[in-house]
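>>> The sequence isn't on hand, but the structure is:
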């Protein structure tokens, strides 16, 4: 579903951080065009 | 191996509803949308009595236990604690009228000014305080109406308000005409931190009968940046807090690591005591003005009161082994390493599993885990979820991955070794340390044997790295747990 797509990634400190999502997406050739981790507290 | 101990802790909340407008989110929204937002905020503020009777606040100052929250019907703001006291043996919940006095007393550069009539009332309120805040009260001197009006019209002047008084009762002036790091808002932020932290120290000294001159070193773990145009954030609040609290023999420094600074500070303080550099070390943290009203929009939309209306303060005394206080097990210190990556599994391995394995403990050898203790009633309305619960589930999942517990035992692990969040969303304050007072009580009374503290800091917010940070340690009691 995500292969070859471009992705906007918003991660969360106490959930899944954006570098971790980015690392997963790279395995299916998905390019992160924006990647950010946020802290909501 | 000898270990230092945590011999005392104090906790305060300063109820400052009229400063909610100066929280980062409210002030940005008011700037964008104007008076309408300010009016909506004004209409959703709590009374002091409501803040005192709010169940999580009573847990924070130690009058009730976290277990009490499990029994209490939600929403907690609709189910106040009957006969709630503003004072506890750990500290207090202070009303804004008194806090404005502490703010004025903390100001040595004549940037805080109070209207004469209000100043008189504030001074009287401080004089009635059981801690005997006479020194602070003497510094509360007001200015006559004509001069006050003139001051409020100065460029950059920030008005201060108080329930029950018409118009501004005070103002904060800029500290320098051209310095963006000394504008009134930043000075208010830093003075609020200084005043709330010093109040926590005053309670610690009074409740434990300590000699203020017996504390040689203070580590401030607050997140506020003190400095000027040449070194934004390069200053230190620790010595200013020590001075304000009358710790005449103290020096100190600040530890910066966003929310996990308290955990870093406790480890650093424990190491300084263990190495006999200092006889004891006081870790302090004051309130975060910027975080007032952070979730106000969702609270207002859901017709709740704005619950982020308190500035928090903590003080934690680390001392050499006294034979009875809980030990800080320095051999269990965990740190989130650069090479570990950012997945939650990696973070928890560094902070929990690896330190436990180092000393031969299992996940289930810990009676209680203290993690991010944010009050879910504050965070859930905005979609931020239940932060402590997420962290507890992650620890339990790691225990399951390691084969210590079955997957079907995760919920039981969380229920048994976790607790509901009760801390205001005051950044560093919420990171594990709110449970320290309860843990000390339980460990001293033999209700638990080991409590593990872990805290995380969002380093990525400063745009210098994508990493977060974390620090952890266990404390251990002297008594075997009761059945």
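Okay, I see it. Computed from a prediction, not measured in an experiment: that's the story for all the values here.

>>> show me where the stretch 151-300 of chain B has strands.
Listed in chain order, the strands of the stretch 151-300 of chain B (DSSP state E, counting those that start in this stretch) span B:158-160, B:170-172, B:217-220, B:251-254, B:281-285.

>>> Next, see if the longest one gets close to chain A.
No: Strand B:281-285 stays out of contact with chain A when judged by CB under 8 Å from any CB of the partner chain, the minimum separation being 15.6 Å. Every residue, glycine included, has its C-beta placed from N, CA and C.

>>> List the contacts of that strand.
B:197, B:200-201, B:204, B:215-222, B:238, B:241-242, B:247, B:250, B:252, B:261-262, B:265-266, B:268-270, B:272-273, B:312-318, B:428-429, B:433 (CB atoms under 8 Å, 6 or more residues apart in numbering or on different chains).

>>> Go ahead and build a PyMOL selection from the buried members of the residues you listed.
Per 16 or more other CB atoms under 10 Å in any protein chain shown, the buried members of the contacts of strand B:281-285 correspond to this PyMOL selection:
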select buried, chain B and resi 197+200+201+204+215+216+217+218+219+220+221+222+238+241+242+247+250+252+261+262+265+266+268+269+270+272+273+312+313+314+315+316+317+318+428+429+433
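
>>> Next step: the contacts of strand B:281-285 restricted to helices.
B:197, B:200-201, B:204, B:238, B:241-242, B:261-262, B:265-266, B:268-270, B:272-273 (DSSP state H).

>>> just checking, residue B:134 touches residue B:127?
Yes: taking contacts as CB atoms under 8 Å, residue B:134 lies within contact range of residue B:127: 6.5 Å.

>>> who has more neighbours, these two?
Regarding residue B:134 and residue B:127, a neighbour count based on other CB atoms under 10 Å in any protein chain shown identifies residue B:127 as having more, with 15 against 11.

>>> residues contacting the more buried one?
B:133-134, B:137 are the contacts of residue B:127 under CB under 8 Å, 6+ apart.

>>> change it to 10 Å
When contacts are counted by CB atoms under 10 Å, 6 or more residues apart in numbering or on different chains, residue B:127 touches B:101, B:133-134, B:136-138, B:140.

>>> Residue B:286 now?
B:12, B:14, B:106, B:189-201, B:220-224, B:237, B:241, B:311-315, B:426, B:428-429.

>>> what about it, distance to chain A?
18 Å (CB to the nearest CB, to the nearest Å).

>>> where's residue B:379 relative to chain A, distance?
6 Å.

>>> helix or strand right after the helix or strand in which that residue is found?
Remark: residue B:379 resides in helix B:376-379, with elements defined by DSSP states H and E. Using DSSP H and E, the next helix or strand after helix B:376-379 towards the C-terminus is helix B:387-401.

>>> Mind giving me the packing neighbours of that next one?
helix B:344-348, strand B:368-370, helix B:376-379, helix B:410-417, strand B:450-457 (3 or more CB pairs under 10 Å, 6 or more residues apart in numbering or on different chains; DSSP states H and E).

>>> Just say which of these is most tucked in.
strand B:450-457 (a mean of 27; mean count of other CB atoms under 10 Å in any protein chain shown).

>>> Which strands and helices lie in contact with it?
Against strand B:450-457 (3+ CB pairs under 10 Å, 6+ apart) you get helix B:261-274, strand B:327-335, helix B:344-348, helix B:354-358, strand B:368-370, helix B:387-401, helix B:434-444, strand B:469-476.

>>> Tabulate the ones you listed (TSV), appending mean pLDDT and distance to residue B:112.
Shown next, in TSV, are the helices and strands packed on strand B:450-457 (pLDDT from 0 to 100; distance: least, CB to CB, whole Å):
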stretch	mean pLDDT	distance to residue B:112
helix B:261-274	98	26
strand B:327-335	98	38
helix B:344-348	92	41
helix B:354-358	98	44
strand B:368-370	98	36
helix B:387-401	96	34
helix B:434-444	98	29
strand B:469-476	98	34
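
>>> possible to save the ones you listed as CSV with distance to residue B:50?
Shown next, in CSV, are the helices and strands packed on strand B:450-457 (distance: least, CB to CB, whole Å):
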stretch, distance to residue B:50
helix B:261-274, 28
strand B:327-335, 37
helix B:344-348, 36
helix B:354-358, 41
strand B:368-370, 27
helix B:387-401, 24
helix B:434-444, 20
strand B:469-476, 34
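
>>> closest one to residue B:95 among the ones you listed?
Evaluated over these, closeness to residue B:95 peaks at helix B:434-444, with 21.1 Å, by CB to CB.

>>> burial of the residue in the stretch 51-200 of chain B positioned nearest to chain A, as a residue count?
Distance from chain A to each residue of the stretch 51-200 of chain B (CB to the nearest CB) is smallest for residue B:56, at 14.3 Å. For residue B:56, the neighbour count with other CB under 10 Å is 28.

>>> and the least confident helix or strand in chain B by mean pLDDT, anywhere near chain A?
The helix or strand of chain B with the poorest confidence is helix B:344-348; it has a mean of 92 (mean pLDDT, DSSP states H and E). Yes: if you take CB under 10 Å from any CB of the partner chain as the test, helix B:344-348 does meet chain A, through B:344-347.

>>> Closest one of these to chain A?
Using CB to the nearest CB, the residues of helix B:344-348 next to chain A come closest to chain A at residue B:344, 6.7 Å.

>>> does the closest one really touch residue A:19, like I thought?
No: using CB atoms under 10 Å, residue B:344 is not in contact with residue A:19, being 11.8 Å away.

>>> circling back: so the residue of the stretch 51-200 of chain B closest to chain A belongs to a strand, correct?
No: per DSSP: H, G, I helix; E, B strand; the rest coil, residue B:56 lies outside any strand segment and is helix.
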